[in-house]
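Participant: Curious how this folds, go ahead:
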Amino acid sequence: MRRWWLAALLAGAALCSSAIAAAGQGPVRSETRYAGPYTLRIDLYSDPPFTGRRYSFDVVITATPPTDLRGLALAASAIPEAGTNATAVRAIVSPAGQTGGFQGYVTMGVRGDWRLRFTVGGAAGTNVVDLPLRVASLTAIPIWSAWLIGLSPLLGLLLFGVRQRSYLARLQRGAFPA
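Facilitator: The predicted structure follows:
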């Protein structure tokens, strides 16, 4: 019986560790956009973005002639679409360690349709590219709490099985005394 508990404990630990490892692996979605001579690879770290939460992104910019990457600047902002009752929000963008790499984040406070607008400036000129987003509202209860509530009947079923097993063992001991 102890081996059964050990196997269940190891299986639970494996499930938890795989979810933690999957959450920290990297971008959830990558998009490629073209702004004139520049190619932007935009890595998004959540899908969909939620209201009031930081929405992180990375941008890697390449150009057809690599010499155009000198003095490269990137600005980003979130612009609401026509049906979304909000104002534009500037994103915080900073250069990353590599040439042509940037990282940034923006926080949008209203759910609805938005455009993440990137303005790229460099030796090849200034160009603008948009990335459409749909911002979702936060859930009523946290996901982990919903799973805990949903799986709670299994705990009751497990306790019922353990009690029935011990009850059966007591009956067998009483029926066949040593």
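Participant: Confirm that residue 126 sits in a helix.
Facilitator: No. Going by DSSP: H, G, I helix; E, B strand; the rest coil, the assignment for residue 126 is strand, not a helix.
Participant: Low-confidence stretches in this structure?
Facilitator: Segments of the chain classed as low confidence (criterion: pLDDT under 70) are 1-5, 7-10, 13-24, 66-68, 98, 178.
Participant: Any idea how many residues pack against residue 36?
Facilitator: Residue 36: 16 surrounding residues under other Cβ atoms under 10 Å. For glycine as for every other residue, the C-beta is placed from the backbone atoms N, C-alpha and C.
Participant: those helices in this structure, which residues are they?
Facilitator: Along the chain, the stretches classed as helices by DSSP state H are 2-23, 143-175.
Participant: For the residue nearest to the spatial centre of the chain, give me phi and psi.
Facilitator: The C-alpha lying nearest the average C-alpha coordinate of the chain belongs to residue 46 (Cα atoms, centre = their mean; 3.3 Å). In terms of degrees, to the nearest 10, the main-chain angles of residue 46 are phi -150, psi 150.
Participant: Could you check how far residue 76 is from residue 161?
Facilitator: 55 Å (Cβ to Cβ, to the nearest Å).
Participant: So if I had to pick from the two, which one is more boxed in?
Facilitator: Taking other Cβ under 10 Å, residue 76 and residue 161 do not tie; residue 76 has more neighbours (22 against 10).
Participant: which residues does the more buried one contact?
Facilitator: Contacts of residue 76 were listed using Cβ atoms under 8 Å, 6 or more residues apart in numbering, and they are 57, 59, 90, 91, 93, 104, 106, 116, 117, 118, 119.
Participant: domain parsing for the protein?
Facilitator: Each domain of the chain is listed here as a residue range: 26-135, 139-171, per automatic domain parsing.
Participant: buried residues in the shortest one?
Facilitator: Going back to what we said before, that points to domain 139-171. Buried residues in domain 139-171, defined by neighbour count with 16 or more other Cβ atoms under 10 Å: none.
Participant: Over to stretch 80-95?
Facilitator: Judged by neighbour count (16+ other Cβ under 10 Å), stretch 80-95 contains these buried residues: 80, 84, 86, 89, 91, 93.
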